[in-house]
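Peer 1: Could you work out the structure for the sequence below:
(2 chains)
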Amino acid sequence: MAIISNAVTIADAGAFSASLGSMILIKTLTASNSGTLSFVHGASDVVLNNTYPIYMFKFINIHPASHTEFTFNTSIDSGSNYNVAKTTTTTSAYHGENDASGPTYYYIDEDLAQGTGVARISGDIYTDNDSSMSGEMFLFSPSSTTFVKHFISDTQRMDYSGAGYSNQWKCAGYTNTTSAVNAIQFSMVTGNIASGTIKLYGIKDS
Amino acid sequence: MGVISNGTTLLDAGALDSGVPTGSMTLIKTLTASSSATLDFVNGASNVVFDGTYKEYVFKFINIHLATNGQNFTFQADTGTNTNYNQAITSTSFTAYHGENGNSGTLSYSASGDQAQGTAFQLLNSTSEIGSDADQSLSGSLTIYDPSNTTFVKNFMATTNWNELNDFTGNTFTAGYINTTTALTRVRFKISSGNIDSGVIKMYGVK
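Peer 2: Predicted structure coming up:
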């Protein structure tokens, strides 16, 4: 039975006809001295398939146990292995609280050329109590079996090297597989994620 | 009484059923400039929410048009009931340029657009370059993370695209942190000199 108000169909056939928004929160993971945080399709209410054409991850105050970089890797076997080949670009800009300027860098030693290891999507996050990283990453059409899977990340962190530094870090590239990506894992290069939140959203296409 | 359609519960107990997927980006407030000196978003005023309700706040700039040629679009934040808008900021800024005449496809760091514990308004474009021709403006977005957190400094990131006064396009990437562990309660946008002639700023909270 349809629900009609003022001649407008609000709901029909078990679904709302009216728009309820296009950005859907799927899952929130909160780190507590965690080695990894993983989103696996079909597990713990995670959706990471063709339900949405675009998936977005939000990183909020990622605080590491060790002074190191934040990373991700993907899986095509539901998280048994996180080792899909990736080719990436990495650019970064620095500026110190003491006005020491860093120009905009291309980080040739941080990018990947068909690397199966983790992709680094932030610089070294300092462990000072008020230091953290926040940012976001888009993953496009992970379930496509035609195209490789593009991703774009953008993060901002506080670093420390004698004085505090602001650092924005942009990493983009593609996971070079035409198999469906069905899991993604976030971790630090070394040590645990002491605290922080990662949110997974799906972006509707209609 | 629940509202059930085709066997699916849509509404119950005065609310959407928990199984109904709803949007996570909530429009909080829209401000429209009309020769405005400043546009302010203050928690608790005029239906603005800027506290721990959301972990992330996004501001969208739509066709910000300057009254004065060659100025900057800027923002600052403040805490409590303070209205000085002078929090310490450390930030980076870089811009890609390309002219309508095909000149200067470049990417450059903007030392005059960053701050080192500066308390000035943070530029969201390269220095003194937005044009005020009738068809020129700035659009883009700014994200402030977890403004009410009292442990961490407040990271922010912005991307804008704007019309340079000599008919270039400028794509500026600004990011940094507001170096306080006190909760932010307000954000102000303004032009470095002169008014915001017209334009819209929308504020969203992200669940």
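
Peer 1: pLDDT score for the nearest residue to residue A:194 once chain neighbours are set aside?
Peer 2: Sequence neighbours aside, residue A:65 is the residue nearest to residue A:194 in space, at 4.5 Å (criterion: CB to CB, 6 or more residues apart in numbering or on different chains). All C-beta spots, glycine's among them, are computed from the backbone N, C-alpha and C. For residue A:65, the model assigns a pLDDT of 97.

Peer 1: ok, residue A:65 touching residue A:125?
Peer 2: No - between residue A:65 and residue A:125 there is no contact under CB atoms under 8 Å: 10.2 Å.

Peer 1: Neighbour count for those two, which is higher?
Peer 2: Each of residue A:65 and residue A:125 has its neighbours counted (other CB atoms under 10 Å in any protein chain shown); residue A:125 has more, 27 against 17.

Peer 1: Report the contact partners of that one.
Peer 2: A:62-64, A:67-70, A:131-133, A:157-159 (CB atoms under 8 Å, 6 or more residues apart in numbering or on different chains).

Peer 1: so can I have a markdown table of the residues you listed showing secondary structure?
Peer 2: Compiled in a markdown table, these are given as follows (DSSP: H, G, I helix; E, B strand; the rest coil):
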| residue | secondary structure |
| --- | --- |
| A:62 | strand |
| A:63 | strand |
| A:64 | strand |
| A:67 | coil |
| A:68 | strand |
| A:69 | coil |
| A:70 | strand |
| A:131 | coil |
| A:132 | coil |
| A:133 | strand |
| A:157 | strand |
| A:158 | strand |
| A:159 | strand |
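
Peer 1: Turn these into a markdown table, columns for distance to residue B:57 and neighbour count.
Peer 2: Listed next are the contacts of residue A:125 as a markdown table, based on distance: CB to CB, whole Å; neighbours: other CB atoms under 10 Å in any protein chain shown:
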| residue | distance to residue B:57 | neighbour count |
| --- | --- | --- |
| A:62 | 18 | 26 |
| A:63 | 20 | 20 |
| A:64 | 24 | 28 |
| A:67 | 29 | 18 |
| A:68 | 28 | 19 |
| A:69 | 26 | 22 |
| A:70 | 22 | 27 |
| A:131 | 21 | 22 |
| A:132 | 17 | 30 |
| A:133 | 17 | 29 |
| A:157 | 19 | 27 |
| A:158 | 19 | 25 |
| A:159 | 24 | 20 |
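
Peer 1: Check whichever residue of chain B sits closest to chain A and give its pLDDT.
Peer 2: Closest residue of chain B to chain A, CB to the nearest CB: residue B:23 (1.3 Å). Here the pLDDT value assigned to residue B:23 is 82.

Peer 1: show me which of the contacts of residue A:125 neighbour chain B.
Peer 2: A:63, A:131, A:132, A:133, A:157, A:158 (CB under 8 Å from any CB of the partner chain).

Peer 1: Find the residue closest to the third one in space, skipping its chain neighbours.
Peer 2: So the one you mean is residue A:132. In space, residue A:132 is closest to residue A:61, 4.1 Å off (CB to CB, 6+ apart).

Peer 1: Just the element for that neighbour, please.
Peer 2: Here residue A:61, judged by DSSP states H and E, is contained in strand A:54-64.
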